[in-house]
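In: Whatever this is, show me its structure:
(one chain, ligands or ions: 1)
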Amino acid sequence: MLNFPIYLDNNSTTKVDMLALEAMLPYFTENYGNSSSKSHQFGWKAEAAVNIARKQTAKLISCEPRDIIFTSGATESINLALKGAAEAYATKGNHIITTKIEHEAVIDSCNHLEAKGFNVTYVDVDHNGIVSIEEIERAITSNTILVSVMWANNEIGTIQPVKEISKLCRLKKILFHTDATQAVGKIPIDLSKIHIDLLSFSSHKLYGPKGVGALYKSGKLPRVRIVRQTDGGAQEKGLRAGTLNVPGIVGFGKACQISADCMNKEAKSIKTLRNRLLEGINSGVNGVKVNGDLHSRLPGNLNLSIPGIDADSLIIAMKDVAVSTGSACSSESVEPSHVLKAIGLDKDSMRSAIRFGIGRFNTSEEIEYVINCITEKVNNFRENSPSNISPFANEGGNNNKVNKGDYAEV
Ligand SMILES: *Cc1c(COP(=O)(O)O)cnc(C)c1O
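Out: Residues are numbered from 1 along each chain as shown. Presented below is the predicted three-dimensional model:
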């Protein structure tokens, strides 16, 4: 049986797993202690729960629990990593390298650092949305202190050659940070095998609660230094002041444990659903283009441009399916997605881009429903487009002229 609306926006956020929620509940009610309180049982219980969560979180990425710093989410982790490292290494150099397809948290932190006098190079990606090692190597100068490249992209799902970049940075003795928010829990990450200095991730992208995340800071030598960005208590080894979000951290830890246990199987079934969605849409709708490399890609992500269609109008027409336009973040602003721009899409393709994010709780019935829904709406739009010019309209359409600037609107 289908339940509406259907949620297909798992790159934006995910539903909290019931087991994670259940693990959290006692830390709102009986065990509401402050994990920094050393003088009584309430504090000890909270601290013990945080320690367990720290182990669960570390295990998912195969790192040492002591290398995990809990934060309020990936945005804070990224701010702490980039600003904290820039401040700590400012005497060594003032150059930072990142890419044109990073999340706003990285881009805005870098902009902030530019205003403080750092130089930032934003390297290009290719048409498939993959950054090249050569581009990064070319950008490195004697002043480069930090490279930040996301593990997987939140809009087009592309997976970056993180292992090669980490090797390059190690060789050049440059710090490497990766925003792994979309990757952790979805694809294998083993920090015992890849040397990464700083790695940011978030609970709510992997079926944990919102408002909690982590920064991994390598404990290996040579020591990675960051300067704390909030003043206050000595929590998290003095690197992140403020009372810990104990229930949130407990839920995050549980979510990490669940992901570690079922990741391989889940990735396979989600990828099957994703491929079926693409195949189904392709067989009902002409001219669909996949944005971003289809192979080096997160299993649950699909970003499509549907020529002749205005994505906003299509999404409004599909009331009972929750998807987003090319980028969830850009939907709040009028600017087109910087990621779709970076992979070289023209205006039409950007305007017609839709992002699907398939997750743990989606079913094949839902995918079939969405295929039918998209097929019907798109073909309807194309047939009824104001100028009736869509080159992709089906038989019923009047396709006598191709006019790129026209869109089908509701
Ligand atoms: C969601 C996301 C973030 C921000 O995470 P929050 O925990 O919501 O602050 C950062 N980077 C990427 C790639 C994301 O997908």
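
In: tell me the contacts of the residue of the stretch 201-350 of the chain found nearest the ligand?
Out: When scored by C-beta to the nearest ligand atom, the stretch 201-350 of the chain has residue 202 as its residue closest to the ligand, at 3.3 Å. Every C-beta, even on glycine, is put in place using the N, C-alpha and C of the backbone. Shown in contact with residue 202 (C-beta atoms under 8 Å, 6 or more residues apart in numbering): 73, 74, 77, 181, 212, 213, 214.

In: residue contacts, the fifth one?
Out: Contact analysis of residue 212 by C-beta under 8 Å, 6+ apart lists 70, 71, 72, 73, 202, 203, 204, 245, 248, 249, 251, 252.

In: go on, the third one?
Out: Contacts for residue 77 were tallied using C-beta under 8 Å, 6+ apart; they are 69, 71, 200, 201, 202, 213, 214, 215.

In: Can you report phi and psi for it?
Out: Main-chain dihedrals, residue 77, degrees, to the nearest 10: phi -60, psi -40.

In: Now do it, the pLDDT please.
Out: The per-residue pLDDT reported for residue 77 equals 98.

In: Name the SS class of the nearest residue to residue 343 once chain neighbours are set aside, please.
Out: Once flanking residues are discounted, residue 343 sits nearest to residue 129: 4.8 Å by C-beta to C-beta, 6 or more residues apart in numbering. Classification of residue 129 using DSSP: H, G, I helix; E, B strand; the rest coil returns coil.

In: Quick check, residue 129 in contact with residue 99.
Out: No: contact criterion C-beta atoms under 8 Å: residue 129 and residue 99 do not qualify, at 9.8 Å.

In: Common neighbours of these two, please.
Out: residue 342.

In: sorry, back to before: among the contacts of residue 202, which ones lie close to the ligand?
Out: Applying C-beta under 6 Å from any ligand atom to the contacts of residue 202, one finds that 73, 74, 181, 213 fall near the ligand.

In: In contact with the third one, which residues?
Out: If I follow you right, that is residue 181. For residue 181, the contacting residues are 74, 103, 150, 154, 200, 201, 202, 205, 213, by C-beta under 8 Å, 6+ apart.

In: And residue 132, by the same measure?
Out: Shown in contact with residue 132 (C-beta under 8 Å, 6+ apart): 123, 125, 126.

In: which one of these is nearest the ligand?
Out: Lowest distance from the ligand to the contacts of residue 132 (C-beta to the nearest ligand atom) belongs to residue 125, with 14.3 Å.

In: what about that closest one, how many neighbours?
Out: For residue 125, the neighbour count with other C-beta atoms under 10 Å is 24.

In: again, but for residue 336
Out: Applying other C-beta under 10 Å, we find 18 residues neighbouring residue 336.

In: which ones among the contacts of residue 132 are found in strands?
Out: Per DSSP state E, strands hold the following members of the contacts of residue 132: residue 123.

In: for the contacts of residue 132, which one is nearest residue 312?
Out: Taking C-beta to C-beta as the measure, residue 312 lies nearest residue 125 of the contacts of residue 132, at 25.3 Å.

In: Grab the nearest non-local neighbour of that closest one.
Out: residue 131 (4.9 Å).

In: Residues contacting the worst-scoring helix or strand of the chain on mean pLDDT, please?
Out: Least confident element among the helices and strands of the chain, by mean pLDDT, DSSP states H and E: strand 324-325 (a mean of 90). Strand 324-325 is contacted by residues 9, 11, 12, 311, 312, 315, 331, 353, 354, 355, 357 when judged by C-beta under 8 Å, 6+ apart.

In: Can you turn the buried part of the residues you listed into a PyMOL selection?
Out: To isolate the buried ones among the contacts of strand 324-325 in PyMOL, judged by 16 or more other C-beta atoms under 10 Å, type:
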select buried, resi 9+11+12+311+312+315+331+353+354+355+357
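
In: Mind checking which of the contacts of strand 324-325 are in helices?
Out: Those of the contacts of strand 324-325 mapping onto helices are 311, 312, 315, per DSSP state H.
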